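Student: Return atomic coordinates for the entry below.
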Amino acid sequence: MDWTRPEVISAAALAVSGLSFAVSAFTAWRAVAADRPRVWLVLEPTEAPDCWVGNIHVQSGSRVGVTGHSVRLARISVASARNQSLLLGPSRRVIWIGEDGGTRISSDDAEQCSALKIPVHEDPTSMVPRGEHGVIRVVVYRPALSRSESVTLVVTLQSLSGRPSYRDHTIHSDIPGSGIGFVLGR
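Tutor: Now for the predicted structure:
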């Protein structure tokens, strides 16, 4: 089949319009992705056994700020909080900074962590202005009978726009541990 000159021009115009549509769709996708907040979790060990401070880092999007609304466990295994594999506690009640600058928590305070979901919207550090970075702190406690090796939390963020909206962000981190070490030698 031979292409005539008008058919070649029409095919080229169709190819150019298809390429421009793909570029505009990619640009719109990048703009929407840039506005979404980024959320990640870093667990920091404390002096209490089986207790960590969960630092939830929030990087706000470029258009609107966000504030933390609540933090909950992603996997709830049983109905009773006493038999859970992990429990949460608010950081403002139990964390204090030691003389060396490290985070400390007493064992009694760690054992009082008994929540499956905690509100964080009352904490002034949970508000992150647009384009900035903030940290929301929670206490993660592993009861004595638990063997959990990872933490999965669901963080609900509220946008600070004219019409507030709520979005859930699932974050995951492995529980830091000393591990098992072997020394081989003669």
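Student: Could you pull up the mean pLDDT of stretch 16-30?
Tutor: Mean per-residue pLDDT for stretch 16-30: 87.
Student: Can you give the distance from that stretch to the centre of its chain?
Tutor: Between the centre of stretch 16-30 and the centre of its chain there are 31 Å (Cα atoms, centre = their mean, to the nearest Å).
Student: What would it look like as PDB? C-alpha coordinates only.
Tutor: Extracted as PDB, the C-alpha positions of stretch 16-30 are listed here (Å, rounded to 0.1, in the frame of the first residue of the first chain):
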ATOM      1  CA  VAL A  16       2.300  14.500  17.400                       C
ATOM      2  CA  SER A  17      -1.100  14.900  19.100                       C
ATOM      3  CA  GLY A  18      -0.800  11.500  20.800                       C
ATOM      4  CA  LEU A  19       2.700  12.300  22.000                       C
ATOM      5  CA  SER A  20       1.600  15.700  23.400                       C
ATOM      6  CA  PHE A  21      -1.300  14.000  25.200                       C
ATOM      7  CA  ALA A  22       1.100  11.500  26.800                       C
ATOM      8  CA  VAL A  23       3.400  14.300  27.900                       C
ATOM      9  CA  SER A  24       0.500  16.400  29.400                       C
ATOM     10  CA  ALA A  25      -0.800  13.300  31.300                       C
ATOM     11  CA  PHE A  26       2.700  12.600  32.700                       C
ATOM     12  CA  THR A  27       3.000  16.200  33.800                       C
ATOM     13  CA  ALA A  28      -0.400  16.200  35.500                       C
ATOM     14  CA  TRP A  29       0.500  12.900  37.300                       C
ATOM     15  CA  ARG A  30       3.800  14.400  38.500                       C
END
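Student: Domains in the chain, by residue range?
Tutor: Domain ranges of the chain: 1-35, 37-174, per automatic domain parsing.
Student: Quick check: longest helix in the protein by residues?
Tutor: Assignment by DSSP state H gives helix 5-35 as the longest helix of the chain.
Student: buried set for the helix or strand just after it?
Tutor: Counting by DSSP states H and E, the next helix or strand C-terminal to helix 5-35 is strand 38-45. Residues of strand 38-45 classed as buried: 39, 41, 43 (neighbour count, 16 or more other Cβ atoms under 10 Å). C-beta here means a position set from N, CA and C on the backbone, and glycine is covered the same way.
Student: want to throw these into a markdown table with distance to Val23 and pLDDT?
Tutor: Output for the buried residues of strand 38-45, formatted as a markdown table (distance: Cβ to Cβ, whole Å; pLDDT from 0 to 100):
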| residue | distance to Val23 | pLDDT |
| --- | --- | --- |
| Val39 | 30 | 88 |
| Leu41 | 36 | 89 |
| Leu43 | 41 | 87 |
